[in-house]
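In: Curious how this folds, go ahead:
(one chain, ligands or ions: 2)
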Amino acid sequence: MHLTHLECPRCGTEHDAGVPQNLCGCGSPLLARYDLAAVRRTVEPERFGLRPADLWRYRELLPVTEPAHVTTLGEGWTPMLRAPAYGAEIGVDELLVKDEGLTPTGSFKARGAAVGVSRARELGVQRIAMPTNGNAGAAWATYAARAGMGATIAMPLSAPTICRRECVAAGADLRLVDGLIGDAGRQVAALVAASAGSVFDAGTLREPYRLEGKKTMGYEIVEQLGWQVPDVIVYPTGGGVGLIGIHKALGELSELGWVEDKLPRLVAVQSTGCAPIVRAFAAGADRAEPWADAHTVAFGITVPAPLGDELILTALRATAGTAIAVDDAEFLADLRDFAAREGLLLCPEGAACLTAVRRLRAGGWIRAGERVVVLNTGAGLKYPDTVDVSGVPVLPA
Ligand SMILES: *Cc1c(COP(=O)(O)O)cnc(C)c1O
Ligand SMILES: [Zn+2]
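Out: Numbers count the residues shown, from 1 in each chain. Ligands and ions are numbered 1, 2, ... in the order given. Okay, here's the model as predicted:
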């Protein structure tokens, strides 16, 4: 392992990576830093291809020292599917969907949970707590169970019942909150404060290693394209961890000299019912203002006040990317259209990305011939209500 320290991207302060850490004193999330020169001496990119098909193939660039602490259910190395029929319809010849729906617990949240729980275990944490919109709590409860660690998960009442069931099945201490994720966050903060250090706050970007798990999506995209970068990567943005992670991964690969200098343009996709990043990007602001009355069927991206707003906006601007909001009704129609043409049932967050691609291509922001990767961040099966079957005729017996 080549982890050296944690760094604050806002004020530059370095923090010890050998003990559990949350935010910097200035309030910013922390980023894990590695001795990349040592990584370059230790491993060549071709070696990864000879290793097992999971995210631990990138172990030199991950924060876990002891193999015994690795907590895994086989997460990572998800397929990059071509979507030629849908691509032709919208004028994007090289449209690729990275299907995170095949990840354990049915969403890419398992990547962050696998690495976050493994490192927390290595640092001696015995109980984690977090607020969640559903998928993260389900994933962390599941991996905590596998690590023999306790988990307290606070979730809005409106979160999908499947995520509640996953938490209960994993033996987690589940708290339902009659409010939004911010209200669940206040409950967790109170619990952690009263715990005298016995409960570790593992909320989104409040600890540095969930991001390390999610960044592996960036490594995989590049490795699966034969160590080439696509032109555009389109990501459904809630807390923004995946987007920040992909940006971090691309930066590391470029510093390692494993990819060309020109990085893909990153696109943050939100619902028109909750679009704080889109609004801040359009206003040229460095920070996002909280979104009032957030609502969308894409519950994974219902984050009215993301803690990583600065890092998201930096990633978009540094890559000449953009941010776009799409309508629930429109992306649910695209979800159906895509499933009928390509045979893959997307999650609504993934469908929102397709709508974004369609609109950005129509407006010329995505040019003809560009290679575009869309992240389908979860399994369509976790959202059974996105497809209306009320009109299906019932035959007499
Ligand atoms: C959490 C989640 C997102 C948003 O992920 P961030 O990295 O926090 O922006 C998108 N899609 C699904 C299915 C999710 O569960
Ligand atoms: Zn700081």
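
In: Now do the strands in the chain.
Out: 3-7, 14-15, 31-34, 80-82, 94-99, 127-131, 150-156, 173-177, 200-201, 232-236, 265-271, 322-326, 371-376 (DSSP state E).

In: Does the last one reach ligand 1?
Out: Meaning strand 371-376. No. Applying Cβ under 6 Å from any ligand atom, one finds strand 371-376 out of contact with ligand 1, separated by at least 7.9 Å. C-betas here are computed from N, CA, C, even on glycine.

In: what residues does that strand touch?
Out: Contacts made with strand 371-376 from outside it, assessed by Cβ atoms under 8 Å, 6 or more residues apart in numbering, are listed as 80, 92, 94-101, 108, 217, 221, 225, 230-236, 242, 264, 344, 346-347, 349-350, 353-354, 357, 366.

In: Out of those residues, which end up buried?
Out: Neighbour counting over the contacts of strand 371-376 (16 or more other Cβ atoms under 10 Å) leaves 80, 92, 95-101, 108, 217, 221, 230, 232-236, 242, 264, 344, 346-347, 349-350, 353-354, 357, 366 as the buried ones.

In: Which positions in this protein make contact with ligand 2?
Out: Of all the residues in the chain, those in contact range of ligand 2 (Cβ under 5 Å from the ion) are Cys8, Arg10, Cys11, Thr13, Cys24, Cys26, Ser28.

In: Looking at these, which one is closest to ligand 1?
Out: Proximity of the residues of the chain next to ligand 2 to ligand 1 was ranked by Cβ to the nearest ligand atom; the top entry is Ser28 with 16.7 Å.

In: Need the nearest residue in space to the closest one, chain neighbours excluded.
Out: Excluding the flanking residues, the one nearest Ser28 by Cβ to Cβ, 6 or more residues apart in numbering is Arg10, at 3.7 Å.

In: what would the strands of the chain look like in CSV with mean pLDDT and distance to Val278?
Out: Formatted as CSV, those follow (pLDDT from 0 to 100; distance: least, Cβ to Cβ, whole Å):
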stretch, mean pLDDT, distance to Val278
strand 3-7, 98, 28
strand 14-15, 98, 32
strand 31-34, 98, 24
strand 80-82, 98, 26
strand 94-99, 98, 22
strand 127-131, 98, 23
strand 150-156, 97, 22
strand 173-177, 97, 26
strand 200-201, 98, 28
strand 232-236, 98, 12
strand 265-271, 98, 5
strand 322-326, 98, 4
strand 371-376, 98, 17
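
In: of these, which approaches Ile312 most closely?
Out: For the strands of the chain, distance to Ile312 was read as Cβ to Cβ. The smallest value, 6.2 Å, belongs to strand 265-271.

In: residues in contact with that closest one?
Out: When contacts are defined by Cβ under 8 Å, 6+ apart, strand 265-271 is touched by residues 231-237, 240, 243, 246-247, 276-278, 281, 296-298, 301-302, 312, 315-316, 319-328, 331, 349, 352-353, 355-356, 360.

In: Buried ones among these?
Out: 232-237, 240, 243, 246-247, 276-278, 281, 296-298, 301-302, 312, 315-316, 319, 321-326, 328, 331, 349, 352-353, 355-356, 360.

In: Ligand 1 next: which of the residues you listed are close?
Out: Among these, the ones lying near ligand 1 by Cβ under 6 Å from any ligand atom are Pro236, Thr237, Gly240, Ile301, Glu349.

In: ranges for the helices of the chain?
Out: Ranges of helices in the chain, per DSSP state H, are 36-42, 45-48, 84-90, 109-122, 135-147, 161-169, 181-193, 209-214, 216-224, 241-256, 276-283, 309-318, 328-342, 348-362.

In: Dump the ones you listed to JSON lines, plus distance to Leu55 and mean pLDDT.
Out: Output for the helices of the chain, formatted as JSON lines (distance: least, Cβ to Cβ, whole Å; pLDDT from 0 to 100):
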{"stretch": "helix 36-42", "distance to Leu55": "16", "mean pLDDT": "98"}
{"stretch": "helix 45-48", "distance to Leu55": "11", "mean pLDDT": "96"}
{"stretch": "helix 84-90", "distance to Leu55": "27", "mean pLDDT": "97"}
{"stretch": "helix 109-122", "distance to Leu55": "6", "mean pLDDT": "98"}
{"stretch": "helix 135-147", "distance to Leu55": "13", "mean pLDDT": "98"}
{"stretch": "helix 161-169", "distance to Leu55": "20", "mean pLDDT": "97"}
{"stretch": "helix 181-193", "distance to Leu55": "26", "mean pLDDT": "95"}
{"stretch": "helix 209-214", "distance to Leu55": "7", "mean pLDDT": "98"}
{"stretch": "helix 216-224", "distance to Leu55": "4", "mean pLDDT": "98"}
{"stretch": "helix 241-256", "distance to Leu55": "11", "mean pLDDT": "98"}
{"stretch": "helix 276-283", "distance to Leu55": "26", "mean pLDDT": "98"}
{"stretch": "helix 309-318", "distance to Leu55": "20", "mean pLDDT": "98"}
{"stretch": "helix 328-342", "distance to Leu55": "25", "mean pLDDT": "97"}
{"stretch": "helix 348-362", "distance to Leu55": "19", "mean pLDDT": "98"}
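
In: Appreciated, that's everything.
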